[in-house]
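# Turn this into a model:
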Amino acid sequence: MTTPTHAPGILLRLTGPLQSWGENSHYNYRDTAAFPTRSGLIGLLAAALGRPRHHPLDDLTPLSVTVRADRPGKPMRDFQTVGGGLPRHLTVTTAEGGKRKENAATLITDRWYLTDAAFTVALTHHDATPLPPAWAHALAAPRWPLYLGRRSCPPEGPLLLGTSDHALHDLIHLPLALPTTRTRRSLPTQRQPADDPGQNIEFLSDQPLHSLPTPPGHQPSPDAGQIHSHVTDDPLSFHPDHRTYRSRPLYRLHLNLPTRQNGGQGTEQLTALTTYTSPHFHHLEGSTR
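Predicted coordinates for the structure are as follows:
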């Protein structure tokens, strides 16, 4: 199955001081992948829709996720101890309902995060059919609070950019969350100057990327349609008693995008995004955007 060239979908902006997208987390070790995981994004959508964890995921299974890594961020380790120095009756309760022994009362946990990362995400259907309108409305006005992988990682600013008839095209051309330069102000239709080194940006998807609509003068690498690796982040159930995930292929592609596409950070980027999305994206009925 190949990624449709013209696919309607939803565009998201995932930016915040901290993000954490667990891939192999268990017990006292909580890792993070280097990018938003498929399970994390499906869980985010399910939370926006107000679905409990035991709700079936059948209608979300056809969802395809393509990520643009504007700023990959840097990994940060948070070393924590729980229960140290407390009387035994105040320490952590065990699964059996008792208390841990004094020499084992202190729990040690490692939690990993991405700091100062920024990702732009396109949600589409594998067969390029339109997504249910209720999904975008839920992301604009979520039933439950949304977070970037963990509850301690709220998003910075607006998360939903809007809906588009050509989501993958817009994923490439949306302003990047990178600092601007004083000489970058050129029209979007102008060609990239010959002396512009550009920005090497990584794209990651659960579908082949060889048909991604690339900018003029750019050709996807021959291996864009080949599986780069596999990750176990495709959820079958979020039920607390039997969470189940399966492995899925991960495709990677690097594109050299022009420096003039840099949209800045903070309010500067929000202004650049608004300028781009206003003529390109659909406005949600009843939305205040």
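# so Glu23 makes contact with Thr37?
Yes. Under the criterion of CB atoms under 8 Å, Glu23 makes contact with Thr37 at 6.2 Å. Heads up, the C-betas are built off the backbone N, CA and C, glycines and all.
# Now the common contact residues for these two.
Overlap of the contact sets of Glu23 and Thr37 (by CB atoms under 8 Å, 6 or more residues apart in numbering) consists of Val231, Asp233.
# and the two? which has more neighbours close in?
Neighbours per residue (other CB atoms under 10 Å) separate Glu23 from Thr37, with Thr37 holding more: 25 against 16.
# Apart from its neighbours in sequence, what residue is nearest that one?
In space, Thr37 comes closest to Asp233 once its chain neighbours are excluded; the distance is 4.0 Å by CB to CB, 6 or more residues apart in numbering.
# what secondary structure does the one you found sit in?
Following DSSP: H, G, I helix; E, B strand; the rest coil, the label given to Asp233 is strand.
# Make sure Phe238 is actually in contact with Arg53.
Yes. With contact defined as CB under 8 Å, Phe238 counts as touching Arg53 (4.4 Å).
# out of these two, which sits in the busier spot?
Summary of the neighbour comparison: Phe238 and Arg53, criterion other CB under 10 Å, with Phe238 having more neighbours (21 against 13).
# List the contacts of that one.
Shown here is Phe238, whose contacts under the criterion CB under 8 Å, 6+ apart are Gly43, Ala46, Arg53, His54, His55, Leu57.
# Contacts only, for the fourth one.
The one in question is His54. Counted by CB under 8 Å, 6+ apart, His54 has contacts Ser237, Phe238, His239, Pro240.
# quick one: the strands in the stretch 51-200 of the chain?
Secondary structure of the stretch 51-200 of the chain by DSSP state E, counting those that start in this stretch: the strands cover 63-71, 74-82, 107-125, 160-164, 199-205.
# Leu209: neighbour count?
Residues lying near Leu209 (other CB under 10 Å) number 24.
# Relative to the whole chain's centre, how far out is the helix or strand hosting Leu273?
Taking DSSP states H and E as the definition, one finds Leu273 inside helix 267-280. Centroid separation between helix 267-280 and its chain, computed with CA atoms, centre = their mean, to the nearest Å, is 19 Å.
# Stretch 112-131 too?
Here the centre of mass of C-alpha atoms in stretch 112-131, compared against the chain's by CA atoms, centre = their mean, lies 5 Å away.
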